[in-house]
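> Quick check, what structure comes out for this input:
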Amino acid sequence: MGEAKRKNVQLKQVQADLQRRLDAGEFGNPCSCYCIVLDKSARGRETLQALRGLTGRLVGLGELLDAEPMQLWEASPLFRFVALAGGDGKPHERSFVAADLDRLLADALPRALRRAARHAGPAGTVIGVDTDAEAAVKAALTAAR
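Residues are numbered from 1 along each chain as shown. Model (predicted):
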């Protein structure tokens, strides 16, 4: 029971942090200017679960999570990362899977950022990856701005 309670507390902390960022307007108004990067680590799964609880707040997120690329990412062991972009367009045009960190940084993340940048202003980002990949993802996001 201790492990389940700890995970529930962590999930609530992630949700509270995302809620605070939404309330602060970091993802635009309406909340449609975002880029989400996830992997299949425990942190990525926790972030995905928190995002599922906020689908009503982030415009188009529910459709992204239900889209074929996301379903493929969740089901396939071939893809470690997924990048999701808010904004206009069909969900499958705003979802980018990557097999490894190099492909995420070279292809999927830049495409997601370009897609999210079609809206006015910079995109708010949500990063749910393990600590090994986090520094590289943050560096790529900084370089892209």
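> I figured residue 39 hits residue 79, correct?
No. In this structure residue 39 lies outside contact range of residue 79 using CB atoms under 8 Å: 9.5 Å. (C-beta placed from N, C-alpha, C; glycine too.)
> More neighbours: which of those two?
residue 39 (26 against 21; other CB atoms under 10 Å).
> Specify the beta-bridge partners of that one.
Residue 39 has these beta-bridge partners by DSSP bridges: residue 81.
> Next one: it from residue 101, what distance?
9 Å (CB to CB, to the nearest Å).
> what is in contact with the two at once?
Listed as contacting both residue 39 and residue 101 by CB atoms under 8 Å, 6 or more residues apart in numbering are 80-81, 133.
> Of those - the most surrounded one?
residue 81 (24 neighbours).
> sec struct for the residue nearest the centre of the chain, please.
When CA atoms, centre = their mean is applied to the chain, the residue found nearest the centroid is residue 36 (2.0 Å). Of the three states, residue 36 takes strand under DSSP: H, G, I helix; E, B strand; the rest coil.
> Adjust the sequence numbering to begin at 4 for everything that follows.
That works, and once the first residue is 4, the last one we named lands at residue 39.
> and it, what does it touch?
By CB under 8 Å, 6+ apart, the contact set of residue 39 is 54, 86-88, 128-131.
> now do residue 140
By CB under 8 Å, 6+ apart, the residues touching residue 140 are 40, 107-108, 112, 130, 132.
> what helices or strands is the worst-scoring helix or strand of the chain on mean pLDDT leaning on?
Among the helices and strands of the chain, helix 5-26 carries the lowest confidence by mean pLDDT, DSSP states H and E, at a mean of 80. Secondary-structure packing of helix 5-26 (3 or more CB pairs under 8 Å, 6 or more residues apart in numbering; DSSP states H and E): helix 45-55.
> Check which residues of the helix it packs on are buried.
Buried residues in helix 45-55, counted by 16 or more other CB atoms under 10 Å: 46-51, 53-54.
> what's the closest of those residues to residue 93?
Within the buried residues of helix 45-55, proximity to residue 93 (CB to CB) peaks at residue 54, which comes in at 19.3 Å.
> any idea how far residue 132 lies from residue 93?
From residue 132 to residue 93 the distance is 25 Å (CB to CB).
> So for those two, which sits in the more crowded spot?
Neighbour totals were compared for residue 132 and residue 93, and residue 132 leads with 23 against 11 (other CB under 10 Å).
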